[in-house]
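Colleague: Predicted structure and sequence below. I'll ask about it afterward.
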Amino acid sequence: MADKKSDIGLVGLAVMGQNLALNIADHGFQISVYNRTASKTDAFVAENPNTPGGLVGTQTLEEFVQSLERPRKVIILVQAGRATDAVIDGLTELLEPDDIIIDGGNALWTDTIRREKDLNAKGFRFVGSGVSGGEEGARFGPSLMPGGKESAWNELKPIWEAIAAKVDADTGKPIDGAEPGKPVEGGVTCTTYIGENGAGHYVKMVHNGIEYGDMQMICEAYQLMGNLLGMEPKEMSETFGTWNEGVLDSFLIEITTDILQQTDPETGVPFVDIVLDTAGQKGTGKWTAVNALDMGISAPLIAEAVFARCISAVKDERVAASEVLKADVPGFDGDKEEFTQAIHDALYCSKICSYAQGFQLMREAQNEYDWNLNFGEISMIWRGGCIIRAAFLQKIFEAYQRDENLANLLLDPFFKSEIERCEANWRKVVAAGAIHGVPIPAFSSALAYYDSYRSARLPANLLQAQRDYFGAHTYERTDKPRGEFFHIDWPEADRPQLKM
Ligand code: 2AM
(Lines give C-alpha, C1' and ligand atoms only; values in the text may rest on other atoms or scores of the structure.)
Protein backbone atom coordinates (compact mmCIF):
# COMPACT_ATOMS: atom_id res chain seq x y z
CA MET A 1 0.00 0.00 0.00
CA ALA A 2 1.14 3.54 -0.84
CA ASP A 3 2.60 5.72 1.97
CA LYS A 4 0.62 8.71 0.82
CA LYS A 5 -3.13 8.73 1.35
CA SER A 6 -5.18 8.80 -1.84
CA ASP A 7 -6.98 11.89 -3.12
CA ILE A 8 -10.10 9.92 -3.87
CA GLY A 9 -11.44 6.34 -3.92
CA LEU A 10 -13.70 4.34 -6.19
CA VAL A 11 -15.86 1.31 -5.46
CA GLY A 12 -17.02 -0.92 -8.32
CA LEU A 13 -14.58 -1.99 -11.01
CA ALA A 14 -16.84 -2.89 -13.90
CA VAL A 15 -15.82 -1.17 -17.17
CA MET A 16 -17.27 2.25 -16.24
CA GLY A 17 -15.53 2.17 -12.85
CA GLN A 18 -12.21 1.08 -14.32
CA ASN A 19 -12.33 3.75 -17.00
CA LEU A 20 -13.27 6.54 -14.62
CA ALA A 21 -10.49 5.46 -12.23
CA LEU A 22 -7.95 5.52 -15.09
CA ASN A 23 -9.17 8.93 -16.22
CA ILE A 24 -8.72 10.26 -12.66
CA ALA A 25 -5.27 8.68 -12.28
CA ASP A 26 -4.24 10.05 -15.69
CA HIS A 27 -4.91 13.54 -14.37
CA GLY A 28 -2.40 13.12 -11.56
CA PHE A 29 -4.72 12.14 -8.72
CA GLN A 30 -3.89 9.12 -6.60
CA ILE A 31 -6.95 6.90 -6.47
CA SER A 32 -7.72 3.91 -4.25
CA VAL A 33 -9.93 1.24 -5.78
CA TYR A 34 -12.05 -1.49 -4.27
CA ASN A 35 -14.28 -4.15 -5.78
CA ARG A 36 -16.42 -6.76 -4.02
CA THR A 37 -14.66 -9.47 -5.99
CA ALA A 38 -11.02 -8.81 -5.08
CA SER A 39 -9.52 -10.65 -8.07
CA LYS A 40 -10.88 -7.89 -10.33
CA THR A 41 -9.08 -5.25 -8.25
CA ASP A 42 -5.80 -7.17 -8.43
CA ALA A 43 -6.02 -7.67 -12.18
CA PHE A 44 -6.95 -4.03 -12.78
CA VAL A 45 -4.08 -2.64 -10.70
CA ALA A 46 -1.61 -5.11 -12.23
CA GLU A 47 -2.66 -4.13 -15.77
CA ASN A 48 -2.15 -0.41 -15.08
CA PRO A 49 1.11 -0.05 -13.12
CA ASN A 50 2.27 3.34 -14.40
CA THR A 51 -0.49 5.92 -14.26
CA PRO A 52 0.58 9.52 -13.44
CA GLY A 53 -1.43 9.65 -10.20
CA GLY A 54 -1.23 6.00 -9.21
CA LEU A 55 -3.80 3.32 -8.51
CA VAL A 56 -3.91 1.83 -5.02
CA GLY A 57 -5.60 -1.56 -4.91
CA THR A 58 -7.32 -2.47 -1.65
CA GLN A 59 -8.68 -5.85 -0.55
CA THR A 60 -11.21 -4.88 2.12
CA LEU A 61 -13.55 -1.94 2.54
CA GLU A 62 -11.69 -1.10 5.81
CA GLU A 63 -8.36 -0.97 4.03
CA PHE A 64 -9.96 1.08 1.27
CA VAL A 65 -11.44 3.68 3.64
CA GLN A 66 -8.21 3.93 5.66
CA SER A 67 -6.23 4.62 2.50
CA LEU A 68 -8.10 7.86 1.76
CA GLU A 69 -7.19 11.45 2.63
CA ARG A 70 -9.82 13.23 4.75
CA PRO A 71 -12.42 14.44 4.13
CA ARG A 72 -12.70 11.19 2.22
CA LYS A 73 -14.21 11.18 -1.23
CA VAL A 74 -15.63 7.84 -2.35
CA ILE A 75 -17.11 7.34 -5.82
CA ILE A 76 -19.56 4.47 -6.12
CA LEU A 77 -20.00 2.97 -9.58
CA VAL A 78 -22.08 -0.15 -9.06
CA GLN A 79 -25.49 -1.08 -10.38
CA ALA A 80 -28.21 1.45 -9.59
CA GLY A 81 -30.71 0.39 -6.94
CA ARG A 82 -30.03 -2.22 -4.29
CA ALA A 83 -26.32 -2.65 -4.99
CA THR A 84 -25.80 1.09 -4.48
CA ASP A 85 -27.66 0.96 -1.15
CA ALA A 86 -25.62 -2.07 -0.07
CA VAL A 87 -22.34 -0.33 -0.79
CA ILE A 88 -23.49 2.86 0.94
CA ASP A 89 -24.49 0.83 4.03
CA GLY A 90 -21.05 -0.80 4.12
CA LEU A 91 -19.29 2.54 3.78
CA THR A 92 -21.27 4.37 6.45
CA GLU A 93 -19.99 1.86 9.02
CA LEU A 94 -16.46 3.03 8.28
CA LEU A 95 -16.56 6.65 7.14
CA GLU A 96 -16.36 9.66 9.48
CA PRO A 97 -18.33 12.91 9.63
CA ASP A 98 -17.99 15.20 6.61
CA ASP A 99 -16.70 12.42 4.38
CA ILE A 100 -18.31 12.47 0.94
CA ILE A 101 -19.96 9.66 -0.99
CA ILE A 102 -20.40 10.27 -4.73
CA ASP A 103 -22.84 8.07 -6.62
CA GLY A 104 -21.80 8.10 -10.27
CA GLY A 105 -24.35 5.50 -11.39
CA ASN A 106 -27.59 6.06 -13.25
CA ALA A 107 -29.62 6.41 -10.07
CA LEU A 108 -33.26 7.40 -10.06
CA TRP A 109 -33.23 11.01 -8.81
CA THR A 110 -35.77 10.26 -6.10
CA ASP A 111 -33.39 7.59 -4.72
CA THR A 112 -30.66 10.22 -4.70
CA ILE A 113 -32.89 12.61 -2.76
CA ARG A 114 -33.61 9.86 -0.21
CA ARG A 115 -29.96 8.82 0.10
CA GLU A 116 -28.75 12.38 0.52
CA LYS A 117 -31.24 13.00 3.30
CA ASP A 118 -30.27 9.78 5.11
CA LEU A 119 -26.57 10.42 4.76
CA ASN A 120 -26.80 14.06 5.81
CA ALA A 121 -28.70 12.97 8.92
CA LYS A 122 -25.75 10.70 9.74
CA GLY A 123 -23.27 13.57 9.26
CA PHE A 124 -21.97 12.52 5.84
CA ARG A 125 -22.12 14.43 2.59
CA PHE A 126 -23.47 13.04 -0.66
CA VAL A 127 -23.14 13.95 -4.32
CA GLY A 128 -25.34 12.27 -6.93
CA SER A 129 -23.52 12.83 -10.18
CA GLY A 130 -24.66 11.98 -13.67
CA VAL A 131 -21.76 10.52 -15.65
CA SER A 132 -22.45 10.41 -19.36
CA GLY A 133 -20.62 9.37 -22.46
CA GLY A 134 -20.54 5.64 -21.78
CA GLU A 135 -17.29 3.76 -21.46
CA GLU A 136 -15.32 6.05 -23.72
CA GLY A 137 -16.61 9.16 -22.00
CA ALA A 138 -15.61 7.77 -18.60
CA ARG A 139 -12.11 7.02 -19.90
CA PHE A 140 -11.32 10.14 -21.91
CA GLY A 141 -13.71 12.85 -20.72
CA PRO A 142 -17.35 12.50 -19.73
CA SER A 143 -19.97 15.16 -19.26
CA LEU A 144 -20.52 15.27 -15.50
CA MET A 145 -23.72 16.46 -13.81
CA PRO A 146 -23.22 16.70 -10.05
CA GLY A 147 -25.97 17.43 -7.53
CA GLY A 148 -25.89 17.78 -3.75
CA LYS A 149 -24.67 20.28 -1.18
CA GLU A 150 -22.42 22.89 -2.69
CA SER A 151 -19.78 22.33 0.02
CA ALA A 152 -19.49 18.71 -1.09
CA TRP A 153 -19.29 19.76 -4.74
CA ASN A 154 -16.49 22.21 -3.96
CA GLU A 155 -14.38 19.36 -2.56
CA LEU A 156 -14.98 17.28 -5.66
CA LYS A 157 -14.73 20.12 -8.16
CA PRO A 158 -10.96 20.06 -8.94
CA ILE A 159 -11.12 16.37 -9.83
CA TRP A 160 -14.41 16.56 -11.75
CA GLU A 161 -13.19 19.58 -13.74
CA ALA A 162 -9.91 17.86 -14.55
CA ILE A 163 -11.47 14.66 -15.87
CA ALA A 164 -14.53 16.06 -17.70
CA ALA A 165 -14.66 16.59 -21.46
CA LYS A 166 -13.49 19.96 -22.76
CA VAL A 167 -15.02 22.02 -25.53
CA ASP A 168 -13.91 25.15 -27.34
CA ALA A 169 -15.43 28.17 -25.60
CA ASP A 170 -16.55 29.88 -28.81
CA THR A 171 -17.57 27.06 -31.11
CA GLY A 172 -18.64 24.48 -28.52
CA LYS A 173 -16.69 21.82 -30.43
CA PRO A 174 -15.04 19.08 -28.38
CA ILE A 175 -11.31 19.53 -27.90
CA ASP A 176 -9.47 16.29 -28.50
CA GLY A 177 -5.99 15.28 -27.60
CA ALA A 178 -5.62 17.40 -24.48
CA GLU A 179 -2.72 16.06 -22.48
CA PRO A 180 -3.81 14.50 -19.21
CA GLY A 181 -3.40 16.87 -16.31
CA LYS A 182 -2.67 19.91 -18.47
CA PRO A 183 -5.29 22.65 -18.63
CA VAL A 184 -6.74 23.14 -22.10
CA GLU A 185 -6.23 26.56 -23.66
CA GLY A 186 -9.56 28.23 -24.31
CA GLY A 187 -11.45 25.16 -23.21
CA VAL A 188 -14.64 24.97 -21.25
CA THR A 189 -14.98 21.98 -19.01
CA CYS A 190 -18.15 19.89 -19.38
CA THR A 191 -19.16 19.86 -15.75
CA THR A 192 -20.92 22.34 -13.54
CA TYR A 193 -22.80 22.27 -10.28
CA ILE A 194 -26.38 21.39 -11.20
CA GLY A 195 -28.25 21.86 -7.92
CA GLU A 196 -29.36 20.38 -4.62
CA ASN A 197 -29.85 16.68 -3.83
CA GLY A 198 -31.20 14.78 -6.86
CA ALA A 199 -30.78 17.59 -9.44
CA GLY A 200 -27.71 16.04 -11.09
CA HIS A 201 -29.29 12.65 -11.54
CA TYR A 202 -32.53 14.25 -12.73
CA VAL A 203 -30.71 16.22 -15.42
CA LYS A 204 -28.79 13.09 -16.43
CA MET A 205 -32.11 11.27 -16.78
CA VAL A 206 -33.51 13.99 -19.04
CA HIS A 207 -30.26 13.81 -21.04
CA ASN A 208 -30.97 10.11 -21.57
CA GLY A 209 -34.60 10.80 -22.53
CA ILE A 210 -33.38 13.30 -25.11
CA GLU A 211 -30.88 10.70 -26.29
CA TYR A 212 -33.75 8.24 -26.87
CA GLY A 213 -35.49 10.91 -28.96
CA ASP A 214 -32.37 11.73 -31.00
CA MET A 215 -31.80 8.07 -31.81
CA GLN A 216 -35.42 7.49 -32.79
CA MET A 217 -35.45 10.55 -35.07
CA ILE A 218 -32.34 9.35 -36.89
CA CYS A 219 -33.97 5.93 -37.27
CA GLU A 220 -37.05 7.53 -38.82
CA ALA A 221 -34.88 9.42 -41.32
CA TYR A 222 -33.16 6.11 -42.14
CA GLN A 223 -36.49 4.34 -42.63
CA LEU A 224 -37.82 7.06 -44.96
CA MET A 225 -34.59 6.94 -46.99
CA GLY A 226 -34.94 3.18 -47.34
CA ASN A 227 -38.71 2.73 -47.72
CA LEU A 228 -39.57 5.76 -49.82
CA LEU A 229 -36.38 6.60 -51.65
CA GLY A 230 -34.96 3.09 -52.01
CA MET A 231 -31.55 4.21 -50.77
CA GLU A 232 -28.95 1.60 -49.84
CA PRO A 233 -27.03 1.88 -46.56
CA LYS A 234 -23.83 3.15 -48.28
CA GLU A 235 -25.72 5.98 -49.97
CA MET A 236 -27.50 6.80 -46.72
CA SER A 237 -24.12 6.91 -45.02
CA GLU A 238 -22.94 9.52 -47.50
CA THR A 239 -26.07 11.57 -46.86
CA PHE A 240 -25.68 11.39 -43.08
CA GLY A 241 -22.00 12.26 -43.55
CA THR A 242 -23.02 15.44 -45.38
CA TRP A 243 -25.58 16.25 -42.72
CA ASN A 244 -22.85 15.95 -40.12
CA GLU A 245 -21.15 18.97 -41.73
CA GLY A 246 -24.16 21.19 -41.02
CA VAL A 247 -26.71 22.02 -38.32
CA LEU A 248 -27.12 18.35 -37.41
CA ASP A 249 -23.40 17.89 -36.64
CA SER A 250 -23.43 15.49 -33.69
CA PHE A 251 -22.03 12.30 -32.21
CA LEU A 252 -25.12 10.25 -33.10
CA ILE A 253 -25.18 11.38 -36.77
CA GLU A 254 -21.45 10.62 -36.93
CA ILE A 255 -21.79 7.08 -35.59
CA THR A 256 -24.79 6.50 -37.88
CA THR A 257 -22.58 7.48 -40.83
CA ASP A 258 -20.04 4.86 -39.71
CA ILE A 259 -22.62 2.16 -38.96
CA LEU A 260 -24.21 2.47 -42.40
CA GLN A 261 -20.76 1.98 -44.02
CA GLN A 262 -20.09 -1.19 -42.09
CA THR A 263 -20.42 -4.61 -43.69
CA ASP A 264 -21.17 -7.75 -41.74
CA PRO A 265 -17.88 -9.65 -41.37
CA GLU A 266 -19.65 -13.02 -41.68
CA THR A 267 -21.86 -12.48 -44.72
CA GLY A 268 -20.52 -9.33 -46.37
CA VAL A 269 -24.00 -7.73 -46.43
CA PRO A 270 -24.51 -4.24 -45.00
CA PHE A 271 -24.22 -4.64 -41.24
CA VAL A 272 -27.51 -2.83 -40.41
CA ASP A 273 -29.39 -5.32 -42.58
CA ILE A 274 -28.23 -8.24 -40.45
CA VAL A 275 -29.12 -6.62 -37.12
CA LEU A 276 -32.52 -7.75 -35.78
CA ASP A 277 -35.00 -4.89 -35.49
CA THR A 278 -35.87 -5.26 -31.81
CA ALA A 279 -34.55 -2.56 -29.48
CA GLY A 280 -33.61 -2.97 -25.84
CA GLN A 281 -33.72 -0.39 -23.09
CA LYS A 282 -32.37 0.03 -19.60
CA GLY A 283 -35.06 2.35 -18.30
CA THR A 284 -33.82 5.95 -18.14
CA GLY A 285 -35.91 6.95 -21.18
CA LYS A 286 -38.94 5.34 -19.61
CA TRP A 287 -38.29 7.18 -16.34
CA THR A 288 -38.23 10.46 -18.27
CA ALA A 289 -41.53 9.73 -20.00
CA VAL A 290 -43.17 8.53 -16.78
CA ASN A 291 -41.97 11.64 -15.00
CA ALA A 292 -43.40 13.82 -17.80
CA LEU A 293 -46.79 12.14 -17.26
CA ASP A 294 -46.48 12.46 -13.48
CA MET A 295 -45.72 16.17 -13.68
CA GLY A 296 -48.29 16.77 -16.42
CA ILE A 297 -45.74 18.18 -18.85
CA SER A 298 -46.03 17.50 -22.55
CA ALA A 299 -42.99 15.55 -23.73
CA PRO A 300 -44.53 13.32 -26.40
CA LEU A 301 -41.42 12.86 -28.50
CA ILE A 302 -39.49 11.24 -25.65
CA ALA A 303 -42.50 9.04 -24.83
CA GLU A 304 -42.87 8.07 -28.51
CA ALA A 305 -39.20 7.13 -28.61
CA VAL A 306 -39.77 4.75 -25.68
CA PHE A 307 -42.95 3.32 -27.25
CA ALA A 308 -41.11 2.85 -30.56
CA ARG A 309 -38.67 0.57 -28.73
CA CYS A 310 -41.59 -1.26 -27.09
CA ILE A 311 -43.37 -1.98 -30.38
CA SER A 312 -40.08 -2.98 -32.00
CA ALA A 313 -39.72 -5.62 -29.28
CA VAL A 314 -42.87 -7.54 -30.33
CA LYS A 315 -41.22 -8.75 -33.50
CA ASP A 316 -43.18 -12.00 -33.89
CA GLU A 317 -46.49 -10.21 -33.53
CA ARG A 318 -45.44 -7.61 -36.08
CA VAL A 319 -44.35 -10.24 -38.56
CA ALA A 320 -47.74 -11.99 -38.18
CA ALA A 321 -49.64 -8.69 -38.44
CA SER A 322 -47.74 -7.73 -41.57
CA GLU A 323 -49.42 -10.66 -43.33
CA VAL A 324 -52.89 -9.49 -42.28
CA LEU A 325 -52.86 -5.71 -42.17
CA LYS A 326 -51.89 -4.82 -45.69
CA ALA A 327 -52.56 -1.10 -46.03
CA ASP A 328 -53.32 -0.04 -49.57
CA VAL A 329 -50.76 2.76 -49.82
CA PRO A 330 -49.25 4.26 -52.96
CA GLY A 331 -45.55 4.13 -53.77
CA PHE A 332 -43.44 7.27 -53.60
CA ASP A 333 -42.80 9.08 -56.87
CA GLY A 334 -41.47 12.44 -55.74
CA ASP A 335 -38.08 13.97 -56.38
CA LYS A 336 -35.39 12.09 -54.48
CA GLU A 337 -33.01 14.97 -53.88
CA GLU A 338 -35.75 17.30 -52.74
CA PHE A 339 -37.21 14.72 -50.42
CA THR A 340 -33.81 13.93 -48.91
CA GLN A 341 -33.51 17.61 -48.01
CA ALA A 342 -37.06 17.49 -46.61
CA ILE A 343 -36.11 14.56 -44.35
CA HIS A 344 -33.12 16.56 -43.13
CA ASP A 345 -35.38 19.51 -42.31
CA ALA A 346 -37.98 17.30 -40.60
CA LEU A 347 -35.25 15.83 -38.43
CA TYR A 348 -33.93 19.27 -37.57
CA CYS A 349 -37.35 20.74 -36.65
CA SER A 350 -38.30 17.62 -34.65
CA LYS A 351 -35.00 17.83 -32.81
CA ILE A 352 -35.70 21.43 -31.83
CA CYS A 353 -39.09 20.31 -30.43
CA SER A 354 -37.52 17.39 -28.61
CA TYR A 355 -35.01 19.59 -26.81
CA ALA A 356 -37.75 22.14 -26.10
CA GLN A 357 -39.68 19.33 -24.37
CA GLY A 358 -36.64 18.19 -22.38
CA PHE A 359 -36.01 21.70 -21.12
CA GLN A 360 -39.71 22.12 -20.25
CA LEU A 361 -39.38 19.02 -18.07
CA MET A 362 -36.37 20.43 -16.24
CA ARG A 363 -38.15 23.74 -15.76
CA GLU A 364 -41.11 22.03 -14.11
CA ALA A 365 -38.90 19.74 -12.01
CA GLN A 366 -37.01 22.72 -10.62
CA ASN A 367 -40.30 24.13 -9.34
CA GLU A 368 -41.32 20.78 -7.96
CA TYR A 369 -38.04 20.16 -6.13
CA ASP A 370 -37.02 23.74 -5.44
CA TRP A 371 -33.88 23.58 -7.55
CA ASN A 372 -32.32 26.54 -9.27
CA LEU A 373 -31.24 25.08 -12.60
CA ASN A 374 -29.12 27.03 -15.05
CA PHE A 375 -30.30 25.88 -18.48
CA GLY A 376 -27.51 27.67 -20.32
CA GLU A 377 -24.88 25.84 -18.27
CA ILE A 378 -26.69 22.53 -18.68
CA SER A 379 -26.69 22.85 -22.46
CA MET A 380 -23.04 23.95 -22.26
CA ILE A 381 -21.87 20.84 -20.42
CA TRP A 382 -23.71 18.61 -22.92
CA ARG A 383 -21.62 20.01 -25.78
CA GLY A 384 -18.92 17.43 -25.18
CA GLY A 385 -18.42 14.07 -23.53
CA CYS A 386 -21.92 12.70 -23.94
CA ILE A 387 -24.03 10.79 -26.42
CA ILE A 388 -26.18 13.81 -27.31
CA ARG A 389 -23.10 15.95 -27.96
CA ALA A 390 -24.03 18.23 -30.88
CA ALA A 391 -23.18 21.56 -32.48
CA PHE A 392 -26.85 22.35 -31.93
CA LEU A 393 -26.28 22.61 -28.15
CA GLN A 394 -24.20 25.72 -28.76
CA LYS A 395 -27.36 27.32 -30.15
CA ILE A 396 -29.35 26.30 -27.09
CA PHE A 397 -26.59 27.71 -24.90
CA GLU A 398 -26.80 31.00 -26.84
CA ALA A 399 -30.61 31.02 -26.56
CA TYR A 400 -30.40 30.85 -22.76
CA GLN A 401 -27.61 33.47 -22.81
CA ARG A 402 -30.07 35.77 -24.59
CA ASP A 403 -32.86 35.02 -22.13
CA GLU A 404 -32.30 32.85 -19.07
CA ASN A 405 -36.06 32.78 -18.42
CA LEU A 406 -37.00 31.66 -21.91
CA ALA A 407 -40.48 30.10 -21.65
CA ASN A 408 -39.84 27.60 -24.45
CA LEU A 409 -36.94 27.05 -26.82
CA LEU A 410 -39.39 27.42 -29.71
CA LEU A 411 -39.79 31.10 -28.80
CA ASP A 412 -36.09 31.91 -29.08
CA PRO A 413 -35.58 34.08 -32.21
CA PHE A 414 -32.95 31.74 -33.68
CA PHE A 415 -34.98 28.56 -33.28
CA LYS A 416 -38.17 30.34 -34.37
CA SER A 417 -36.54 31.40 -37.63
CA GLU A 418 -34.96 27.98 -38.17
CA ILE A 419 -38.35 26.31 -37.87
CA GLU A 420 -39.89 28.85 -40.21
CA ARG A 421 -37.15 28.10 -42.72
CA CYS A 422 -37.66 24.33 -42.57
CA GLU A 423 -41.32 23.99 -41.62
CA ALA A 424 -42.77 23.35 -45.08
CA ASN A 425 -40.43 20.41 -45.60
CA TRP A 426 -41.24 19.06 -42.12
CA ARG A 427 -44.96 19.06 -42.95
CA LYS A 428 -44.25 17.44 -46.31
CA VAL A 429 -42.38 14.58 -44.65
CA VAL A 430 -45.02 13.96 -41.97
CA ALA A 431 -47.71 13.95 -44.67
CA ALA A 432 -45.64 11.58 -46.81
CA GLY A 433 -45.23 9.21 -43.86
CA ALA A 434 -49.01 9.10 -43.46
CA ILE A 435 -49.77 8.74 -47.17
CA HIS A 436 -47.17 6.07 -47.84
CA GLY A 437 -47.62 4.17 -44.59
CA VAL A 438 -44.22 4.74 -43.00
CA PRO A 439 -44.41 5.11 -39.20
CA ILE A 440 -42.60 8.24 -38.06
CA PRO A 441 -43.90 8.74 -34.53
CA ALA A 442 -41.16 11.15 -33.43
CA PHE A 443 -41.42 13.44 -36.49
CA SER A 444 -45.21 13.50 -36.40
CA SER A 445 -45.59 13.90 -32.64
CA ALA A 446 -43.07 16.74 -32.76
CA LEU A 447 -45.16 18.49 -35.39
CA ALA A 448 -48.32 17.96 -33.32
CA TYR A 449 -46.47 19.42 -30.33
CA TYR A 450 -45.41 22.44 -32.36
CA ASP A 451 -48.90 23.01 -33.75
CA SER A 452 -50.46 22.55 -30.30
CA TYR A 453 -48.03 24.90 -28.62
CA ARG A 454 -48.66 27.64 -31.20
CA SER A 455 -52.46 27.25 -30.98
CA ALA A 456 -54.16 30.02 -29.07
CA ARG A 457 -57.24 27.82 -29.00
CA LEU A 458 -57.27 24.04 -28.72
CA PRO A 459 -60.38 21.80 -28.75
CA ALA A 460 -60.11 21.35 -24.99
CA ASN A 461 -63.26 23.49 -24.67
CA LEU A 462 -65.26 20.59 -26.08
CA LEU A 463 -63.35 18.16 -23.88
CA GLN A 464 -64.14 20.18 -20.78
CA ALA A 465 -67.80 20.32 -21.83
CA GLN A 466 -67.80 16.53 -22.10
CA ARG A 467 -66.31 16.27 -18.62
CA ASP A 468 -68.96 18.60 -17.28
CA TYR A 469 -71.66 16.55 -19.03
CA PHE A 470 -70.83 13.12 -17.65
CA GLY A 471 -69.01 13.94 -14.45
CA ALA A 472 -70.04 17.46 -13.41
CA HIS A 473 -66.33 18.36 -13.51
CA THR A 474 -67.23 22.04 -14.17
CA TYR A 475 -65.71 24.44 -16.69
CA GLU A 476 -64.20 27.91 -16.88
CA ARG A 477 -65.70 30.49 -19.29
CA THR A 478 -64.04 32.53 -22.03
CA ASP A 479 -66.02 35.58 -20.87
CA LYS A 480 -65.20 35.33 -17.13
CA PRO A 481 -61.90 35.53 -15.20
CA ARG A 482 -59.82 32.34 -14.93
CA GLY A 483 -60.35 30.35 -11.75
CA GLU A 484 -64.14 30.73 -11.66
CA PHE A 485 -65.84 27.40 -12.27
CA PHE A 486 -69.32 26.76 -13.67
CA HIS A 487 -71.58 23.80 -14.23
CA ILE A 488 -74.64 23.31 -16.44
CA ASP A 489 -77.48 21.11 -15.24
CA TRP A 490 -77.68 18.83 -18.22
CA PRO A 491 -81.27 17.73 -18.94
CA GLU A 492 -81.85 14.28 -17.41
CA ALA A 493 -84.70 13.30 -19.75
CA ASP A 494 -82.94 12.61 -23.05
CA ARG A 495 -79.50 11.83 -21.70
CA PRO A 496 -77.78 8.97 -23.48
CA GLN A 497 -77.32 6.04 -21.12
CA LEU A 498 -73.99 4.35 -20.51
CA LYS A 499 -75.82 1.03 -20.79
CA MET A 500 -77.44 0.64 -24.19
P1 2AM B 1 -18.44 -7.66 -8.54
O2 2AM B 1 -17.31 -7.55 -9.52
O3 2AM B 1 -18.00 -8.20 -7.24
O4 2AM B 1 -19.64 -8.37 -9.09
C5 2AM B 1 -21.09 -3.81 -11.66
O6 2AM B 1 -21.82 -4.99 -11.55
C7 2AM B 1 -20.21 -3.60 -10.44
O8 2AM B 1 -21.05 -3.53 -9.27
C9 2AM B 1 -19.21 -4.70 -10.19
O10 2AM B 1 -18.02 -4.07 -9.82
C11 2AM B 1 -19.83 -5.48 -9.05
O12 2AM B 1 -18.92 -6.16 -8.22
C13 2AM B 1 -20.49 -4.37 -8.28
N14 2AM B 1 -21.57 -4.83 -7.40
C15 2AM B 1 -22.77 -5.32 -7.76
N16 2AM B 1 -23.52 -5.60 -6.69
C17 2AM B 1 -22.79 -5.28 -5.60
C18 2AM B 1 -23.02 -5.33 -4.20
N19 2AM B 1 -24.19 -5.76 -3.70
N20 2AM B 1 -22.02 -4.93 -3.39
C21 2AM B 1 -20.85 -4.48 -3.90
N22 2AM B 1 -20.58 -4.40 -5.21
C23 2AM B 1 -21.52 -4.79 -6.06
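Modeller: Sure, I can see it. Residues are numbered from 1 along each chain as shown.

Colleague: Please enumerate the helices of the stretch 301-450 of the chain.
Modeller: Shown for the stretch 301-450 of the chain, the helices assigned by DSSP state H, counting those that start in this stretch span residues 315-324, 336-369, 375-381, 392-402, 413-436, 441-453.

Colleague: How far does stretch 88-107 stretch from one end to the other?
Modeller: Stretch 88-107 has an end-to-end distance of 13 Å (criterion: Cα to Cα, to the nearest Å).

Colleague: Now do it: distance to the chain's middle.
Modeller: The chain centre lies 25 Å from the centre of stretch 88-107; the measure is Cα atoms, centre = their mean, to the nearest Å.

Colleague: Can you mark which positions in that stretch are buried?
Modeller: Buried residues in stretch 88-107, defined by neighbour count with 16 or more other Cβ atoms under 10 Å: 88, 90-91, 95, 99-107. Just so you know, the C-beta spots here come from the backbone N, C-alpha and C atoms, and that holds for glycine as well.

Colleague: a markdown table please, covering these and showing pLDDT and distance to Glu420.
Modeller: Listed next are these as a markdown table, based on pLDDT from 0 to 100; distance: Cβ to Cβ, whole Å:
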| residue | pLDDT | distance to Glu420 |
| --- | --- | --- |
| Ile88 | 98 | 51 |
| Gly90 | 97 | 57 |
| Leu91 | 98 | 54 |
| Leu95 | 98 | 56 |
| Asp99 | 98 | 54 |
| Ile100 | 98 | 49 |
| Ile101 | 98 | 49 |
| Ile102 | 98 | 45 |
| Asp103 | 98 | 44 |
| Gly104 | 97 | 42 |
| Gly105 | 95 | 42 |
| Asn106 | 93 | 38 |
| Ala107 | 96 | 41 |
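
Colleague: Just put the residues you listed in JSON lines and tack on distance to the ligand and secondary structure.
Modeller: Putting these into JSON lines (distance: Cβ to the nearest ligand atom, whole Å; DSSP: H, G, I helix; E, B strand; the rest coil) gives the following:
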{"residue": "Ile88", "distance to the ligand": "10", "secondary structure": "helix"}
{"residue": "Gly90", "distance to the ligand": "7", "secondary structure": "helix"}
{"residue": "Leu91", "distance to the ligand": "10", "secondary structure": "helix"}
{"residue": "Leu95", "distance to the ligand": "16", "secondary structure": "coil"}
{"residue": "Asp99", "distance to the ligand": "18", "secondary structure": "coil"}
{"residue": "Ile100", "distance to the ligand": "19", "secondary structure": "strand"}
{"residue": "Ile101", "distance to the ligand": "14", "secondary structure": "strand"}
{"residue": "Ile102", "distance to the ligand": "15", "secondary structure": "strand"}
{"residue": "Asp103", "distance to the ligand": "12", "secondary structure": "strand"}
{"residue": "Gly104", "distance to the ligand": "12", "secondary structure": "coil"}
{"residue": "Gly105", "distance to the ligand": "9", "secondary structure": "coil"}
{"residue": "Asn106", "distance to the ligand": "12", "secondary structure": "coil"}
{"residue": "Ala107", "distance to the ligand": "13", "secondary structure": "coil"}
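
Colleague: on that earlier part again, out of the helices of the stretch 301-450 of the chain, flag the one nearest the ligand.
Modeller: helix 375-381 (25.4 Å; Cβ to the nearest ligand atom).

Colleague: What strands flank the longest strand that the chain contains, and is each parallel or antiparallel?
Modeller: In the chain, assigned by DSSP state E, the strand with the most residues is strand 125-132. In the sheet, strand 125-132 lines up against strand 100-103 (parallel), strand 143-148 (antiparallel) (DSSP bridges).

Colleague: Now find how far off-centre the helix or strand that the longest one is followed by is within its chain.
Modeller: Following the chain from strand 143-148 toward its C-terminal end, the next helix or strand by DSSP states H and E is helix 150-163. Relative to its chain's centre, helix 150-163 lies at 22 Å (Cα atoms, centre = their mean).

Colleague: helices or strands up against the next helix or strand after helix 150-163?
Modeller: Using DSSP H and E, the next helix or strand after helix 150-163 towards the C-terminus is strand 166-168. The criterion is 3 or more Cβ pairs under 8 Å, 6 or more residues apart in numbering; DSSP states H and E, and the helices and strands that strand 166-168 contacts are strand 187-189.

Colleague: So which bits of the next helix or strand after the strand it packs on are buried?
Modeller: Downstream of strand 187-189, the first helix or strand assigned by DSSP H and E is helix 199-227. Across helix 199-227, burial judged by 16+ other Cβ under 10 Å covers 199-222, 224-227.

Colleague: Which residue is the nearest non-sequential neighbour of the residue of the stretch 301-450 of the chain found nearest the ligand?
Modeller: Going by Cβ to the nearest ligand atom, the ligand is nearest to Ile387 of the stretch 301-450 of the chain, at 20.1 Å. Distances taken as Cβ to Cβ, 6 or more residues apart in numbering put Glu211 closest to Ile387, at 4.9 Å, once the chain neighbours are dropped.
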